[in-house]
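1. this is the structure alone, sequence omitted:
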């Protein structure tokens, strides 16, 4: 695999704030470059496939994005990455490590949410990120985009119907795709009758 870490992140801290934070005055320095990369590696890289992800990284870094790749990043990937980055940094923004240990970030006009409230907030953020990600993948796989993303088409991940949600292994059909389906229809979960529509081999 090529050294993809040499390239800048696909989204900036300012874009994360403008697209996913209620408070537009949030300090962008709270979102480090590593936070941006973690969101890419943990949530996007495998779904796009290493080759296509690498193509986007290289072109974005060099300012040589094709028109189709630019459209995909602008209209789909930035929203996805913004919400996944927010998910990754929520705890870090609320808490901070110091010489005194782990402390809470709190000013005089606010109060700390309860663990249950924080969990609800994080889960809602994750849900929104997943909605954007699913929309992005559906866009790439739709027949209207045939030929527009050749690197993705030639190297897109082959789903097995098994996926991970917060460390829990789930078995589902929602990630089935045309690379493991004889019917050729993306998703094949709408009762097409093929051998894969339930997400496993017969």
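-> Right, received. Where do you want to start? Keep in mind that what you see is a predicted model, and the values were worked out from it rather than measured.

2. domain parsing for the protein?
-> Annotated domains of the chain cover 4-157, 158-202 [automatic domain parsing].

3. can you get me the start-to-end distance on the longest one?
-> Going back to what we said before, that points to domain 4-157. Between the opening and closing residues of domain 4-157 lies a distance of 18 Å (Cα to Cα, to the nearest Å).

4. low-scoring stretches of the protein, by residue?
-> Within the chain, the stretches falling below the threshold (pLDDT under 70) are 94-111, 158-202.

5. now do the helices in it.
-> For the chain, applying DSSP state H gives helices covering 13-20, 33-39, 45-48, 50-62, 67-72, 78-94, 115-141, 150-155.

6. among the ones you listed, which is nearest residue 3?
-> Evaluated over those, closeness to residue 3 peaks at helix 50-62, with 9.4 Å, by Cβ to Cβ. Backbone N, C-alpha and C define where each C-beta goes, glycine included.

7. hmm, who's touching the closest one?
-> 1-2, 4, 6-8, 10, 40, 44-45, 48, 64-66, 69, 72-73, 77, 149, 151-152, 154-156 (Cβ atoms under 8 Å, 6 or more residues apart in numbering).

8. which among the residues you listed count as buried?
-> When neighbours are counted using 16 or more other Cβ atoms under 10 Å, the contacts of helix 50-62 contain these buried positions: 4, 7, 10, 40, 44-45, 48, 65, 69, 72-73, 77, 149, 151-152, 156.

9. that older thread, turn the helices of the chain into TSV, including distance to residue 27.
-> Conversion of the helices of the chain to TSV gives the following (distance: least, Cβ to Cβ, whole Å):
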stretch	distance to residue 27
helix 13-20	9
helix 33-39	13
helix 45-48	27
helix 50-62	24
helix 67-72	29
helix 78-94	9
helix 115-141	18
helix 150-155	35
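
10. most packed of those?
-> helix 78-94 (a mean of 21; mean count of other Cβ atoms under 10 Å).

11. list the contacts of it.
-> Among residues not part of helix 78-94, those counted as contacts by Cβ under 8 Å, 6+ apart are 10-11, 15-16, 19-21, 30-31, 35-36, 38-40, 42-44, 104-105, 112-113, 118, 121-122, 125-126, 128-129, 132-133, 136.

12. give me that answer again for 7 Å
-> Contacts of helix 78-94 from elsewhere in the structure, counted by Cβ atoms under 7 Å, 6 or more residues apart in numbering, are 10-11, 15-16, 19-21, 30-31, 35-36, 38-40, 43-44, 104-105, 118, 121-122, 125-126, 128-129, 132-133, 136.

13. who's in contact with the residue nearest to residue 33 when sequence neighbours are not counted?
-> Distances taken as Cβ to Cβ, 6 or more residues apart in numbering place residue 9 nearest to residue 33, at 6.3 Å, with adjacent residues excluded. Going by Cβ under 7 Å, 6+ apart, residue 9 touches 33, 36, 37, 40.
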